[in-house]
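> turn this into a model:
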Amino acid sequence: MPARWRWPRAEEALRSAGLWEKLESRLVMGENIAQTAQYVQSGNADIGLVALALALNQELASKGGYALIPDNLHQPLEQGYIITKRATDNPLAKKFADYVGSPEARRAMVRYGFVLPGEASGK
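All right, here's what the predicted structure looks like:
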C-alpha cells in the first residue's frame, strides 16, 4: 500500500513544507505510530513523525528534542473512541467512557498534546 494512503497527514505536512519530493525515496514507514517511535528510540531512524504524546514519553524524549508540525501544514487529525456492541452492558466500559470525559482525563490528554473538542490549541 502506498505511504500516502497509510499516513496521509504525514505526507500532507511534508508536501506542504516542500519536503516530500526530496525525502520520499529515503522514508521508512512504520506499520503503526508505535513502531515509528521505536525506530527513532533504537537509533534506526534519525527522525520520526510521531504523535506528540509519544514524543513527550521520557524514553523517546531522552533521544533528543521534538518540534511541532504547524497546524497549517495538514488537515486536522481527529480521534475518538467507541463502545462496541459487545461492551454495551459492561460496567467497566461505561466507567471508562465516563472517565474519558472527566476533568482529570481532559487535563491528562491536554498534557500529552491533544486538542479537545471545544478547546483551542495550546501551541
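> how about residues contacting the helix or strand containing A13?
Here A13, judged by DSSP states H and E, is contained in helix 8-16. Applying C-beta atoms under 8 Å, 6 or more residues apart in numbering, the contact partners of helix 8-16 are A3, R4, W20, L23, L49, I69, N72, L73, H74, Q75, L77. For every residue, glycine as well, the C-beta is placed using N, CA and C.
> equivalent analysis for stretch 80-92, please.
Under C-beta under 8 Å, 6+ apart, the answer for stretch 80-92 is A93, K94, A97, V100.
> list the residues that contact the third one.
Applying C-beta under 8 Å, 6+ apart, one finds that A97 lies in contact with Y81, I83.
> mind running it again at 7 Å?
Each residue near A97 by C-beta atoms under 7 Å, 6 or more residues apart in numbering is listed here: I83.
> tell me the pLDDT at it?
At A97, the model reports a pLDDT of 92.
> give me the distance between it and Y39.
Distance, A97 to Y39, by C-beta to C-beta, to the nearest Å: 33 Å.
> what's the neighbour count on S42?
Neighbours of S42 under the rule other C-beta atoms under 10 Å: 9.
> for it, give its distance to S62.
Separation of S42 from S62 (C-beta to C-beta): 13 Å.
> please name the nearest non-neighbouring residue to D46.
Distance criterion C-beta to C-beta, 6 or more residues apart in numbering; nearest residue to D46, sequence neighbours excluded, is V40 at 7.9 Å.
> thinking again about what came up before, now do the helix holding A13: distance to the chain's middle.
Averaging C-alpha positions (C-alpha atoms, centre = their mean, to the nearest Å) puts helix 8-16 14 Å from its chain's average.
> shouldn't the residue nearest to D46 be in contact with G48?
Yes - V40 is within contact range of G48, at 4.0 Å (criterion: C-beta atoms under 7 Å).
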